[in-house]
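**Q** Whatever this is, show me its structure:
(one chain, ligands or ions: 3)
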Amino acid sequence: MLRRLDLSARADVPELPRAAHDVDRVLDAARELVEAVRVDGAEALVAQAVRFDRVQPPTLRVPREALDAALAGLDDGVRAALETAIGRVRLATAAQVPAGVTTTLGTGAVVEQRWVPVARAGVYVPGGKAVYPSSVVMNVVAAQVAGVERIVLASPPQADHGGLPHPTILAAAAMLGVDEVLAAGGAGAIGALAYGVPGVVDAVDVVTGPGNVFVAAAKRVVGGHVRVDAEAGPTEILVIADATADADLVAADLVSQAEHDELAAAVLVTDSLALADAVDAALEVRVAATPHAERVRVSLAAEQSATILVADLDHAIAVSDAYAPEHLEIMTADDDAVVARIRNAGAIFVGAASPVSLGDYAAGSNHVLPTGGQAARVSGLGAATFLRPQQVVRYDLEGLRGVADAVVALAESEDLPAHAEAIRARL
Ligand SMILES: NC(=O)c1ccc[n+]([C@@H]2O[C@H](COP(=O)([O-])OP(=O)(O)OC[C@H]3O[C@@H](n4cnc5c(N)ncnc54)[C@H](O)[C@@H]3O)[C@@H](O)[C@H]2O)c1
Ligand SMILES: N[C@H](CO)Cc1c[nH]c[nH+]1
Ligand SMILES: [Zn+2]
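**A** Ligands and ions are numbered 1, 2, ... in the order given. Next up is the predicted model:
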């Protein structure tokens, strides 16, 4: 089911498997959809809902009563599970908030750095092939912990639910106190959050959230206008496993992420031919039995998924770092030794009892993570996504006197004498 790429006879890392239908290829389509919303507003959002979601939303802004009704109708078990997820993500995210620092550079000379949240955040929650109340938790809790005052959430309208977002998404939003919710999906929704739509939603400062390639591409399009988090597109899992790993668990985890999307990537990197064969055998059994087998088969057989045979674990680490996966699982004889040497990954899951699906819901980590190789440069969603470091300068006259000569000399060297005058005027 997984194609094999045998690199075991070489020590270098060639081009690795990626989806052909990636963000670059849908960038023009996403730009058109964003631009239509920027120019035509609500009319374009409704047209895109009819075209892609096959439903006309009764209203783009979800009414308060619909949020309340969704919360009232929420299954008790799901509510308890959401509470668990919210509690864990809140605790782990609160620990991320950086403390401000004050540096004293001399008597009466102080520079402070404080962390200030943006005023408005727009968060996207996917809802095409699957619906993601867990992404409500990941986005909203991170923004709330950062101290964002206004959070607006967008999620695709559902034909089976009268053209509103899925009721579990609405219920999760209501649980978290988010009452500004849009029935809008895909690139158009990202455009609406970034530019605002008269009478529907005001523009935000930061747009975050996962989604399919169109959502990821739209975030790239609006990235020059608002702050965006990493491109969190079709899910990726890369497993580094040696001969000691449990092949059936490896197979279960590959299938778990392949079920998101035909474009999801599932990659096994191993130095053990026996393990590779055993994972193939386990995949046959698991895929045959999984409810989304059709989607999983496409994802596992596609060019973005593979078993990569490597010479040894050093080689496996080099391959994984070059790929920079969204999720990296490590199942080896000495997991700590491997994780210590990893540089590039959105999130790392260490050992057989830490599968990606734990992190998807309730580990306490955030599941909105960079895909498409971005994990080599940027991080996943967290409190910092909504915060900016801001410097506050507090000098008194004694402090100013202590550095005045340097400022005046530099101002004159730049031929900006009025800058020097502004110092002299105080002394
Ligand atoms: N990386 C992460 O952190 C992360 C987290 C959760 C989910 N995901 C990914 O999110 C994605 C969710 O995708 P989904 O499709 O289920 O939901 P989605 O909400 O991302 O996409 C649905 C929307 O896509 C748009 N769309 C559909 N077909 C289109 C087309 N042909 N042209 C233009 N726009 C089109 C529509 O507007 C539709 O509302 C999956 O790929 C999943 O792997 C990623
Ligand atoms: N694995 C996805 C990308 O990180 C997140 C998710 C949500 N629900 C299930 N899984
Ligand atoms: Zn998942």
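
**Q** quick one: low-confidence parts of this protein?
**A** The model of the chain has no residue with pLDDT under 70.

**Q** Provide a list of residues in contact with V310.
**A** 7-8, 269-271, 316, 319 (C-beta atoms under 8 Å, 6 or more residues apart in numbering). In this view, the C-beta of every residue, glycine as well, is placed from N, C-alpha and C.

**Q** Next: A194.
**A** Residues near A194 by C-beta under 8 Å, 6+ apart: 34, 122, 203-204, 207, 222, 225-226.

**Q** Neighbour-wise, which one of those leads?
**A** Of all these, G122 has the most neighbours under the rule other C-beta atoms under 10 Å, reaching 31 neighbours.

**Q** With ligand 1 as the reference, measure out to that one.
**A** According to C-beta to the nearest ligand atom, to the nearest Å, G122 stands 14 Å off from ligand 1.

**Q** re the thing from before, which one of the contacts of A194 is nearest to ligand 1?
**A** Nearest to ligand 1 among the contacts of A194 is V34, at 10.9 Å by C-beta to the nearest ligand atom.

**Q** Going by secondary structure, the closest one is in what exactly?
**A** Taking DSSP states H and E as the definition, V34 sits inside helix 23-40.

**Q** Tell me the helices and strands packed up against that helix.
**A** When contacts are defined as 3 or more C-beta pairs under 8 Å, 6 or more residues apart in numbering; DSSP states H and E, helix 23-40 packs onto helix 42-48, helix 186-195, helix 213-222.

**Q** In that helix, which residues are buried?
**A** Within helix 23-40, the residues that count as buried by 16 or more other C-beta atoms under 10 Å are 23, 26-27, 30-31, 33-38.

**Q** can you put the residues you listed in CSV and add distance to ligand 2?
**A** Conversion of the buried residues of helix 23-40 to CSV gives the following (distance: C-beta to the nearest ligand atom, whole Å):
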residue, distance to ligand 2
V23, 15
V26, 19
L27, 21
A30, 20
R31, 25
L33, 23
V34, 23
E35, 28
A36, 28
V37, 25
R38, 28
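
**Q** What number of residues are in the vicinity of the residue of the stretch 1-150 of the chain found nearest ligand 2?
**A** Across the stretch 1-150 of the chain, the shortest distance to ligand 2 (C-beta to the nearest ligand atom) belongs to S134, at 4.6 Å. Applying other C-beta under 10 Å, we find 21 residues neighbouring S134.

**Q** how far away is it from D360?
**A** Separation of S134 from D360 (C-beta to C-beta, to the nearest Å): 6 Å.

**Q** which residues do the two both contact?
**A** Counting by C-beta under 8 Å, 6+ apart, the common neighbours of S134 and D360 are H367.

**Q** Can I take it that F349 is in a strand?
**A** Yes - assessed with DSSP: H, G, I helix; E, B strand; the rest coil, F349 lies in a strand.

**Q** That one - how many residues pack around it?
**A** Look at F349: counted by other C-beta under 10 Å, it has 25 neighbours.

**Q** P165 now?
**A** Neighbour number of P165 under other C-beta under 10 Å is 30.

**Q** what sits opposite the spatially closest residue to it that is not a sequence neighbour in the beta ladder?
**A** The shortest distance from P165 to any non-neighbouring residue, by C-beta to C-beta, 6 or more residues apart in numbering, is to S155 (3.8 Å). Beta-bridge partners for S155, by DSSP bridges, are A183.

**Q** My understanding was that S155 contacts A130; is that so?
**A** No - counting by C-beta atoms under 8 Å, S155 does not reach A130; the two are 11.8 Å apart.

**Q** Tell me which of those two has more neighbours.
**A** S155 (31 against 12).

**Q** before we move on, the earlier item: tell me which of the helices and strands packed on helix 23-40 is the most buried.
**A** Per residue and on average, the most neighbours among the helices and strands packed on helix 23-40 fall to helix 186-195, with a mean of 29 (mean count of other C-beta atoms under 10 Å).

**Q** gap between it and the chain center?
**A** Centroid displacement of helix 186-195 relative to its chain, using C-alpha atoms, centre = their mean, to the nearest Å, is 16 Å.

**Q** Identify the residue nearest whichever residue of the stretch 251-400 of the chain sits closest to ligand 2 in space, chain neighbours excluded?
**A** Closest to ligand 2 within the stretch 251-400 of the chain is D360: 3.4 Å, counting by C-beta to the nearest ligand atom. Leaving aside its sequence neighbours, D360 sits nearest to H367 (C-beta to C-beta, 6+ apart; 4.9 Å).

**Q** Where does the one you found fall, secondary structure wise?
**A** In the assignment (DSSP H and E), H367 maps to no helix and no strand.
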